[in-house]
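> below is the sequence, then the predicted model.
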Amino acid sequence: MAYTVLQNSRINTGAFIFSHPETVIYPVSPLVSAKFYTPEGGALTLKIRATLYINSEDPANPTVEEPTEENNTLTLFFDYNFSEETPESCDVWYVEVDYTSDTVGEITEIISYLKDIDPETSRGTKTNVP
């Protein structure tokens with residue numbers, strides 16, 4: 001099931017090619033940052049921003065699954081269709097999500113995954129929340 005996101009946009013206008021592709025492990029793990037904020041008149045919210053590098057041959061926007069919270073960890077999956085072949089170029093996607101819950105203030109880390117929808121290949125990262 002896809003989670004509602006604030007922004008899900010391809011941010012490159014031309015082909016993005018890594019300078020040293022031989023050093024890149026595909027799929028590339030998500031680059032994630034997070035911070036707490038309280039919108040005016042709202043509840044404490046965790047703003048999550050992710051940059052995803054996805055094969056340019058797949059024009060579909062990545063989707064975000066419903067996040068899960070366990071103990072002090074929020075787990076987030078970005079779904080896409082990986083071709084199983086090393087891409088010639090990537091599209092760079094910016095995805096922004098606001099997450100809130102009764103226990104959102106207790107979250108100290110986010111584990112995020114770029115998850116292949118056919119699920120042969122996935123990559124993840126752990127991000128500490130300041």
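Everything's here; your move.
> any stretches of the protein with poor pLDDT?
Counting by pLDDT under 70, the chain contains low-confidence ranges at 1-2, 119-125.
> so Glu96 touches Ile11, yeah?
No - taking C-beta atoms under 8 Å as the definition, Glu96 is not a contact partner of Ile11, at 11.5 Å. (Each C-beta comes from the backbone N, C-alpha and C, glycine too.)
> the two: which is more packed in?
Neighbour tally, Glu96 and Ile11, criterion other C-beta atoms under 10 Å: the higher count belongs to Glu96, 14 against 11.
> how about that one, secondary structure?
strand (DSSP: H, G, I helix; E, B strand; the rest coil).
> ok, now how distant is it from Gln7?
4 Å (C-beta to C-beta, to the nearest Å).
> what do you get for Val64?
11 Å.
> distance of the closest residue to Thr68 other than its chain neighbours from Ile110?
Take Thr68 and drop its neighbours on the chain: the residue closest to it by C-beta to C-beta, 6 or more residues apart in numbering is Thr75, 4.8 Å away. Going from Thr75 to Ile110 by C-beta to C-beta gives 8 Å.
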